[in-house]
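Undergrad: Return atomic coordinates for the entry below.
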Amino acid sequence: MYPQQTLGNVETTAKLAPLTRALAALTPAPQHPALGFLIDALRARHGGCVQAVLFYGSCLRGGDPFDGLVDLYLVVGDYRCVNRGGLGALWNRLLPPNVFYTEVPVEERTLRCKYAVITLTQLRKACSRRWFHSYFWGRFSQPTAIAWTRDETTQRSVGDCLALAIHTFLERTLPCADAQGDIEALWRAALRLSYRAELRPESGERANELARAGRTWYLEVTRLALPALSLPLELDARGYYRLAVSSARRRGCRAAWVVRTGQGKLLSVARLLKALFTFDGALDYAAWKLERHSGQRIEIPARVRRYPLIFVWGLFWDLYRRGIFR
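TA: Okay, here's the model as predicted:
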């Protein structure tokens, strides 16, 4: 099965099997011809390296890939066959993921896509409790569709990763939760923890919107994850829960998230700097995304474009001071 797994991870995967099977139905990929065209274009660009394609974000929720920027993850067998040169592949492994941008003409329209790259081996580790920071398991604990896989074995492996991400997310956030309440409030508070652990342009209301809009989805995945959880969580059909957590474990959870928040801010800056070398048009893409979420106009000074490593720090500070980064 997975030779690098511990016995505990194998047991967890087995207990999560009902969740893994249910996720495909709970989060189907939109059957939009443009999405299939985009996936075919990316597979052709990277040859046989692509093993699976994951679809997440606002276009998945809305169902229209033309409504914004399509967010994809390419799960690959090796970093060298996607990145140009060994240095890009090395950075992809040391500080995943590397991010790319592409535009694909579809009839008389343009489909815009941002796609990140990670190997299946690293994805599994990043969705498990072996990965301390929430960047991956926090992201994949939210609705994510498996848009394409090369075979059934890969389909099962990727599905296991997504179920494992939900399990890890709950294990890492539940000890910080209130002793009882509604599933929407539970996930709202949990998503806030994850969002605060990164530099993000979204407002604090983003977690509220996601928890409210996806309440039925979050209720079902939590119910299916219950057999694998180490905490005594009780959940009724209406979505009300009761949770018993020792004070020591609650303090440990809060302390861990303090560390993740500090670590995450530094990692966010590191990924932005890495993108200057591995992501064509990174500054313009970042400005577009920040403008979209903040509603504020962002100008990239000429000196930042010419000498990013020297002058980008002042730009970061200005954006943070204006509240565009949080």
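
Undergrad: what's the neighbour count on the nearest residue to Arg129 once chain neighbours are set aside?
TA: Closest residue to Arg129 apart from its sequence neighbours, by C-beta to C-beta, 6 or more residues apart in numbering: Thr168 at 5.2 Å. Placement of C-beta: from N, CA and C, glycine included. Counted by other C-beta atoms under 10 Å, the residues lying close to Thr168 total 24.

Undergrad: what's Thr168 in contact with, if anything?
TA: Contacts for Thr168 (C-beta atoms under 8 Å, 6 or more residues apart in numbering) come out as Cys127, Ser128, Arg129, Trp131, Trp137, Ser141.

Undergrad: the strands in the stretch 151-300 of the chain, which residues?
TA: Ranges of strands within the stretch 151-300 of the chain are 180-182, 233-235, 240-243, based on DSSP state E, counting those that start in this stretch.

Undergrad: could you measure Pro227 against Asp236, distance?
TA: Using C-beta to C-beta, to the nearest Å, Pro227 is found at 16 Å from Asp236.

Undergrad: what's the answer for Trp148, then?
TA: 37 Å.

Undergrad: Please apply the same query to Arg124.
TA: 33 Å.

Undergrad: and those two? which has more neighbours close in?
TA: Neighbours were counted for Arg124 and for Asp236 using other C-beta under 10 Å; Arg124 has more, 24 against 10.

Undergrad: quick revisit: let me know the closest of the contacts of Thr168 to Leu95.
TA: Trp131 (12.8 Å; C-beta to C-beta).

Undergrad: what about the nearest residue to that closest one once chain neighbours are set aside, neighbour count?
TA: Once flanking residues are discounted, Trp131 sits nearest to Lys125: 5.9 Å by C-beta to C-beta, 6+ apart. Lys125 has 20 neighbours, counted by other C-beta under 10 Å.

Undergrad: Lys125 touches Thr119, doesn't it?
TA: No: between Lys125 and Thr119 there is no contact under C-beta atoms under 8 Å: 9.5 Å.

Undergrad: re the thing from before, would you tell me which of the strands of the stretch 151-300 of the chain gets closest to Gln155?
TA: Evaluated over those, closeness to Gln155 peaks at strand 233-235, with 28.2 Å, by C-beta to C-beta.

Undergrad: what packs against the strand ranked longest in the chain?
TA: Longest strand of the chain, by residue count under DSSP state E: strand 109-119. On a contact count with 3 or more C-beta pairs under 8 Å, 6 or more residues apart in numbering; DSSP states H and E, strand 109-119 meets helix 33-46, strand 70-76, helix 86-94, strand 98-106.

Undergrad: Identify the residues contacting that strand?
TA: Counting by C-beta under 8 Å, 6+ apart, 34, 37-38, 42, 65-66, 68-79, 82-83, 92-93, 96-105, 126, 136, 285 sit against strand 109-119.

Undergrad: pLDDT averaged over the helix or strand that comes right after it - what is it?
TA: Next helix or strand after strand 109-119 toward the C-terminus (DSSP states H and E): helix 120-126. In this model, helix 120-126 has an average pLDDT of 97.

Undergrad: Which strands or helices does helix 120-126 pack on?
TA: Using 3+ C-beta pairs under 8 Å, 6+ apart, helix 120-126 sits against strand 70-76, helix 135-139, helix 152-173.

Undergrad: tell me the centre residue of the chain?
TA: Arg139 (2.6 Å; C-alpha atoms, centre = their mean).

Undergrad: so what's the closest residue to it other than its chain neighbours up against?
TA: Of all residues not flanking Arg139 in the chain, Tyr56 sits nearest, at 7.1 Å (C-beta to C-beta, 6+ apart). Neighbouring residues of Tyr56 by C-beta under 8 Å, 6+ apart: Asp71, Leu72, Tyr73, Arg139, Phe140, Gln142, Pro143, Thr144, Ala145.
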